[in-house]
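Student: below is the sequence, then the predicted model.
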Amino acid sequence: MSAFAEATVLITHEVGLHARPSVKFTKLAKSFAAEVEIALAANGPWFDAKSIVKVMATKAPKGTMLHIRASGDGADDAVSALTELVRRDFDEGAGHARTA
Amino acid sequence: MPEPLRLQGISASAGYAEGPLFNLDRGPARYTGKATAGEEKAALEAALASATDRLATLIETADEEAAGILEFQLAMLEDEALTGPAFAAIPSGMPADMAWRQALDAEIAGYETSDQDYFRARAADISDIRDRVLRALTEEQEYAAPAGAILYGEDIAPTRFLETDWSAGGGIALRAGSTASHVAMLARSRGVPMVVGLGSSPANPDGLALLDAEHGGIVLAPSKAEIETFRRSSSSFAARRDKAEAYLARPAVTKAGTTVRVQVNIADPSEVDGIDIATCDGVGLMRTEFLFGRAPPDEETQYRAYRKVLEWAGDKPVTIRTVDAGGDKPVPGFTVEESNPFLGLRGIRLSLARPDVFRVQVRALLRAAVHGNLKVMFPMIAVTEEYLRAATLFAEEQGGLIARGVAQKMPPLGIMVEVPSVAIAPEAFADVAFFSIGSNDLTQYVMAAARDNAAVAHLNSVRHPAVLRLVAEVTAFGLRAKIPVSLCGDAGGDPASIPALLEAGLRDLSVAPAQLAMAKAAISDVSV
């Protein structure tokens, strides 16, 4: 029986889930054993959150509601850590967004 | 000796460079196919490992901004979703180089077709990854540009920029390219002159070239006289820039102590990323044509673009001009073909003729208004009725948003003063919230000299007494009627025109961001 977790979070970063934010996002996703996926709508389609190619291809801009789900070991931790990262604006202040 | 050739593009980073051309588009060397699919796979693996190593080495010495770009490339290169399709094609007999190129070109195409500037600009990053691996496959030595060269080609890879030694000068001239690319951002922050959008210029020119990235042009195979003129412009630019830098952080004040408001003109929301809001008094003109590049954009796209600039500006005003398509700015599916487009269906005339398109922009503006200090102005107004009809559309759309419970705010509505009828009889517009003089169009209409026709360029001068008299009269009327008047044409940022504009009574100019410092410096020399 594998664990399952799901959450949604608003992307507030200026350039959306792109370039530098997507590097941080996929790096964090890869640190969990669970299978992690993202989608731009509750009913999918779902994309591998550990693949920067797939994450970039969602072209999720600022203001997007991002759906994150995980299954397997540490699913809860994975979803809450990734949700937090998006909520913290990928740890980039306004100063960073200006040069991004 | 080839004839001199002058090409015009768009400045992505201001400055001057004189140097030999270095061709960026030299393709990678020929790849020698291997005997078996197993060897092809091994060759691709080795090339990927070598490209990865090279990126990791570059990251070690890069500053934070450059490292961010390189780490993105590294993460892409390490992703099996990127490399997988290439490996999958090899067992069917495809050589490694072709398999890699095919897989990456498919990925690049996905970016190139995006309707977002930011996303489209990432195609250059993926091309960079593609070529880095292709070079590793062919075991080609990294080919370096000579010091002080002007890098010329279709587009430039971010790592090429980072691997180039710019200490001896040099610059970048691109047939395609984008002012929103990673390289453009790097070039601006490091002061490397760069021009993009040179269009269908020769593919493989060589020899000496003169890059004028202040005005966005390049001269190939220049004559002696051109070189001399260029050197004078270049040293005058350097002197002006050095002097101007000191003025950038201060408010603009004339010799006589008169304060002048200096705002910036922007054409694309990403431009504000490179501007410190403390150095200007707001945005005097935000163009919206960029959003209409390929087709009229949806409400959400527009809302996000307007909101970005409003949030950046904080309390300072942002004056957004409703779409000024037509004239020299055609939009497929919106503008119409005309024999005399500058005198035809353009600006507000087109917007009123296409309310289906215009109402979308009106809603986006009303919604964005809650995020800052928004003002909206209409281009090409000739008669009062046009202003009233446009204002009515704003009121109607506001009613609709209120009924749906959507957050909105009615911004002050003003007009561009660029059609002579308005400049001659401004009293018909005593009810508008503000005037913004569009000196480019006003000059071309008063002088009957098209601004894109070099043969009549000598007539197209804002400093002709007829144009200056209209500017002075509109400014005086504004003062009497308590209607703020500003100017947002190119003349506002031209040090040679600034004295005449201030003498005409203007105290509010809006200039291109690159001209901000020099405009302030020029203002300080005026004794009004």
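Tutor: Received it, and whenever you're ready, just let me know what you need.
Student: which elements pack onto the helix or strand hosting B:Ala519?
Tutor: Applying DSSP states H and E as the criterion places B:Ala519 in helix B:516-524. Judged by 3 or more C-beta pairs under 8 Å, 6 or more residues apart in numbering or on different chains; DSSP states H and E, helix B:516-524 is in contact with helix B:224-248, strand B:252-253, strand B:259-266, helix B:498-503. In short, each C-beta sits where N, CA and C put it, glycine included.
Student: ok, 10 Å please
Tutor: Packing partners of helix B:516-524 (3 or more C-beta pairs under 10 Å, 6 or more residues apart in numbering or on different chains; DSSP states H and E): helix B:224-248, strand B:252-253, strand B:259-266, helix B:498-503, strand B:508-511.
Student: show me which residues of chain A sit near chain B.
Tutor: A:14-16, A:18-24, A:26-27, A:30, A:47-48, A:50-57, A:59, A:61-63, A:92, A:94, A:96-100 (C-beta under 10 Å from any C-beta of the partner chain).
Student: go with 7 Å
Tutor: Residues of chain A lying close to chain B (C-beta under 7 Å from any C-beta of the partner chain) are A:14-15, A:18-20, A:23, A:26, A:51-54, A:57, A:59, A:61-63, A:98-99.
Student: filter the residues you listed down to the buried ones.
Tutor: Buried by 16 or more other C-beta atoms under 10 Å in any protein chain shown: A:14-15, A:18-20, A:23, A:26, A:51-54, A:57, A:59, A:61-62, A:98, out of these.
Student: just to revisit the earlier point, how about the CA coordinates for the helix holding B:Ala519, as CSV?
Tutor: Presented in CSV, the C-alpha positions along helix B:516-524 are these (Å, rounded to 0.1, in the frame of the first residue of the first chain):
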residue,chain,number,x,y,z
LEU,B,516,17.4,58.3,-19.4
ALA,B,517,20.8,59.3,-18.1
MET,B,518,21.7,61.4,-21.1
ALA,B,519,18.3,63.1,-21.1
LYS,B,520,18.8,64.1,-17.5
ALA,B,521,22.4,65.3,-18.3
ALA,B,522,21.0,67.4,-21.2
ILE,B,523,18.3,68.9,-19.0
SER,B,524,20.9,70.0,-16.5
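Student: can you list contacts of that helix?
Tutor: B:240, B:243-245, B:247-248, B:252-255, B:260, B:262, B:264, B:279-280, B:492-493, B:495, B:498, B:509, B:511 (C-beta atoms under 7 Å, 6 or more residues apart in numbering or on different chains).
Student: does chain A sit close to the helix or strand containing B:Ala81?
Tutor: Element membership for B:Ala81, per DSSP H and E: helix B:80-89. Yes. Legend: contact between helix B:80-89 and chain A by C-beta under 7 Å from any C-beta is shown at B:81-82.
Student: buried among the contacts of helix B:516-524? Make that a ChimeraX selection.
Tutor: To isolate the buried members of the contacts of helix B:516-524 in ChimeraX, using 16+ other C-beta under 10 Å:
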select /B:240,244,247,252,254,260,262,264,279,280,492,493,498,509,511
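Student: where exactly do the helices run in chain A?
Tutor: Applying DSSP state H to chain A gives helices spanning A:19-30, A:52-57, A:75-87, A:94-99.
Student: got TSV for the ones you listed, with mean pLDDT too?
Tutor: Listed next are the helices of chain A as TSV, based on pLDDT from 0 to 100:
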stretch	mean pLDDT
helix A:19-30	88
helix A:52-57	88
helix A:75-87	91
helix A:94-99	37
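Student: distance to B:Ser50 for those helices - can I get that in JSON lines?
Tutor: Shown next, in JSON lines, are those (distance: least, C-beta to C-beta, whole Å):
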{"stretch": "helix A:19-30", "distance to B:Ser50": "21"}
{"stretch": "helix A:52-57", "distance to B:Ser50": "20"}
{"stretch": "helix A:75-87", "distance to B:Ser50": "32"}
{"stretch": "helix A:94-99", "distance to B:Ser50": "30"}
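Student: of all those helices, which one is nearest B:Glu78?
Tutor: helix A:52-57 (8.3 Å; C-beta to C-beta).
Student: distance between the closest one and the chain's centre?
Tutor: 11 Å (C-alpha atoms, centre = their mean, to the nearest Å).
Student: give me the residues contacting that helix.
Tutor: A:17-18, A:22-23, A:25-26, A:38, A:47-49, B:75-76, B:79, B:81-82, B:110.
Student: try it again with 8 Å
Tutor: A:17-19, A:22-23, A:25-26, A:38, A:47-49, B:72, B:75-76, B:79, B:81-82, B:107, B:110, B:122 (C-beta atoms under 8 Å, 6 or more residues apart in numbering or on different chains).
Student: quick one: pLDDT of A:Ala70?
Tutor: Looking at A:Ala70, its pLDDT reads 91.
Student: dump the residue contacts of it.
Tutor: By C-beta under 8 Å, 6+ apart, the neighbours of A:Ala70 are A:3-6, A:32, A:34-37, A:76, A:78-79.
Student: give me the most central residue, chain B.
Tutor: In chain B, the residue lying closest to the centroid (C-alpha atoms, centre = their mean) is B:Thr179, at 5.4 Å.
Student: was I right about it contacting B:Ile10?
Tutor: Yes. Using C-beta atoms under 8 Å, B:Thr179 is in contact with B:Ile10, at 6.4 Å.
Student: what's the overlap in contacts for the two?
Tutor: Common neighbours of B:Thr179 and B:Ile10 (C-beta under 8 Å, 6+ apart) are B:Val196.
Student: contacting residues around the one helix or strand in chain B whose mean pLDDT sits lowest?
Tutor: Among the helical and strand segments of chain B, the one scoring lowest on mean pLDDT, DSSP states H and E is helix B:117-121, with a mean of 76. Where contact means C-beta under 8 Å, 6+ apart, the residues beyond helix B:117-121 that reach it are A:15-16, A:18, A:59, B:111-112, B:114, B:178, B:180-182, B:268, B:270, B:290.
Student: what do you get if the cut-off is 7 Å, keeping everything else the same?
Tutor: By C-beta under 7 Å, 6+ apart, helix B:117-121 touches A:15, A:18, A:59, B:111-112, B:114, B:178, B:180-182, B:268, B:270.
Student: of those, just the buried ones, PyMOL syntax please.
Tutor: Here the buried members of the contacts of helix B:117-121 are turned into a PyMOL selection, burial being counted by 16+ other C-beta under 10 Å:
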select buried, (chain A and resi 15+18+59) or (chain B and resi 111+178+180+181+182+268+270)
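Student: which of the contacts of helix B:117-121 has the weakest pLDDT?
Tutor: Out of the contacts of helix B:117-121, that is B:Ala180, at 66.
Student: got the domain ranges for chain B?
Tutor: B:5-26+B:143-235, B:37-137, B:249-524 (automatic domain parsing).
Student: so which of the ones you listed comes closest to A:Leu85?
Tutor: domain B:37-137 (15.1 Å).
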